[in-house]
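S.K.: What would the 3D arrangement of this be:
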Amino acid sequence: MGGVFCRQILMDDWFRSIQVFAPKPKRLEIMRPKSDHVCSLQSSTNTFDTQKVICSTCTMLFCAKRKIGVRHLSWKSFSSSVKEKIVNSSDVNAYAMKHEAFCRQSLMVPPAPSTYKKDDISRQNITNNLVNYLTWRKWDLQYLSNPYCFAMISHALTYPLTLASNALHFQKNMNHHLPVREDSTIRLCCVGARSEAYLPDHFWREFIHFCNLHSDSIQPSKWHIDFIGHDLPPKLSPREITLNTDPCPDLTKSDSDQHQNQECISSSLYMTFTSGLLHNHVHQLYKTKSVQDILSLWDGFVLYNPGIGHSNLESSWDPTLQFIFKTDQNVLITAHSDLDSQRDSQVLQKYIRKPGVSHVHNPFASLMAYEDPFPPEKGVQHFVRPNHSMLLI
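M.R.: Take a look at the predicted model:
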């Protein structure tokens, strides 16, 4: 198995990313699922039932009803004291083991914002910088100024915020094959889904909050994400996430006031889960739907750290990528590292046939770095971070 690039190593699964909340595995082994994913590093003792227990335990811990003291400082003084720092995952794990209560509380999401209007800091600055976003969300400074806690927060939010920061990319291309849906739902397909599908609801709710900051450019809409991946268990129940509060404008106001004060543009996120490969799922759809219906089923596709350019996985990704680009819908692809993005870009050239395909920096990447246990070159360290960089197609 030497030289195999791991898509998500042990701590990159959300419900095991902070080992203080999970049993320490007795033995590690490499498991290469035949899926849209690159192989993953997992414990030989962790069956799916065990994983569900771990995930549920973490969810209960993070959802515990605790009030977090928020220090009311000015935007400038609050954000300037926080610096983004990439931290080794083993160091984060060691810190969490020693400071369990503090780390658990750092992951408690602050109350929903009372408004999405411009504040002391512009929306543009909020939506292109993690520090500014968390400052706007009033995350306690004691956690943001702690590099270990800040790394954990970034790790928890990297999936919803990476997608939310590119929401406009999918609205621009919204289902151009058919008339816009009556309920203005934007339906996306998350291909090769894994740990992002297990992320607790209160973290995915940040996706809605973030989208509501784009009220000047994004049309009112609901969001629907179909998570499809070989590693997902069968028969996972759908979930719907809504806002805890309703900061939408008063409907009794005049149209001019309504337009001026409009805030709540995204109200819900509906998620479904399918176990299997996307191209196999599409093959089943052909039995009941027309080709045109299937090609326009999704308004876009999201691939988190797929590793499609790795030599061991390129051929297995081919049928799925053939379908994705046949739909002519927009795509968001992230990568684990510079090396990962370079390999993916080379493979994508043959599907999109556009010169200069390259990833760009993702401001909402996880700040937890993992050492690849099987680097491409022997003796050369290769560090990876979830959603390190991104590519919009």
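S.K.: where exactly do the helices run in the stretch 101-250 of the chain?
M.R.: For the stretch 101-250 of the chain, applying DSSP state H, counting those that start in this stretch gives helices covering 123-126, 130-136, 141-144, 147-164, 167-171, 195-198, 201-211.
S.K.: just the strands in the stretch 251-393 of the chain please.
M.R.: Applying DSSP state E, counting those that start in this stretch to the stretch 251-393 of the chain gives strands spanning 266-275, 300-303, 330-335, 360-361, 368-371, 383-384, 389-392.
S.K.: Buried residues in the fifth one, which are they?
M.R.: Neighbour-count burial for strand 368-371, with 16 or more other Cβ atoms under 10 Å as criterion, is recorded at 368-370. Every residue, glycine included, has its C-beta placed from N, CA and C.
S.K.: Dump the C-alpha coordinates for that strand into PDB.
M.R.: C-alpha atoms of strand 368-371 as PDB (Å, rounded to 0.1, in the frame of the first residue of the first chain):
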ATOM      1  CA  MET A 368      -5.400  21.300  11.200                       C
ATOM      2  CA  ALA A 369      -2.500  19.700   9.300                       C
ATOM      3  CA  TYR A 370      -1.900  16.000   9.000                       C
ATOM      4  CA  GLU A 371       1.200  14.200   7.900                       C
END
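S.K.: which helices and strands sit right next to that strand?
M.R.: Judged by 3 or more Cβ pairs under 8 Å, 6 or more residues apart in numbering; DSSP states H and E, the packing partners of strand 368-371 are strand 87-88, helix 89-98, helix 147-164, strand 383-384.
S.K.: now swap in the third one and tell me
M.R.: Taking 3+ Cβ pairs under 8 Å, 6+ apart as the contact definition, the neighbouring helices and strands of strand 330-335 are helix 147-164, helix 167-171, strand 300-303, helix 338-352, strand 389-392.
S.K.: Could you dump the ones you listed into JSON lines with mean neighbour count added?
M.R.: As requested, these are exported to JSON lines (neighbours: other Cβ atoms under 10 Å):
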{"stretch": "helix 147-164", "mean neighbour count": "25"}
{"stretch": "helix 167-171", "mean neighbour count": "20"}
{"stretch": "strand 300-303", "mean neighbour count": "26"}
{"stretch": "helix 338-352", "mean neighbour count": "18"}
{"stretch": "strand 389-392", "mean neighbour count": "19"}
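S.K.: Mind putting those into CSV with mean pLDDT?
M.R.: Listed next are these as CSV, based on pLDDT from 0 to 100:
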stretch, mean pLDDT
helix 147-164, 96
helix 167-171, 84
strand 300-303, 96
helix 338-352, 90
strand 389-392, 95
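S.K.: which one of the helices and strands packed on strand 368-371 lies closest to His281?
M.R.: Taking Cβ to Cβ, helix 147-164 is the member of the helices and strands packed on strand 368-371 nearest to His281, at 20.4 Å.
S.K.: tell me the angle the closest one makes with helix 201-211.
M.R.: Interaxial angle of helix 147-164 relative to helix 201-211 (axes from the mean of the first three to the mean of the last three Cα atoms, to 10 degrees): 60 degrees.
S.K.: and the angle from helix 147-164 to strand 266-275?
M.R.: Using the same axes, to 10 degrees: helix 147-164 against strand 266-275 is 90 degrees.
S.K.: Quickly note the distance from Val291 to Val282.
M.R.: Val291 is 10 Å from Val282, where distance means Cβ to Cβ, to the nearest Å.
S.K.: Tell me which of the two has more neighbours.
M.R.: Neighbour count, other Cβ atoms under 10 Å: between Val291 and Val282, Val282 has more, with 21 against 10.
S.K.: residues near the closest residue to the more buried one other than its chain neighbours, how many?
M.R.: Ranked by Cβ to Cβ, 6 or more residues apart in numbering and with sequence neighbours excluded, the top spatial neighbour of Val282 is Phe323, at 5.6 Å. Phe323 is flanked by 18 other residues according to other Cβ under 10 Å.
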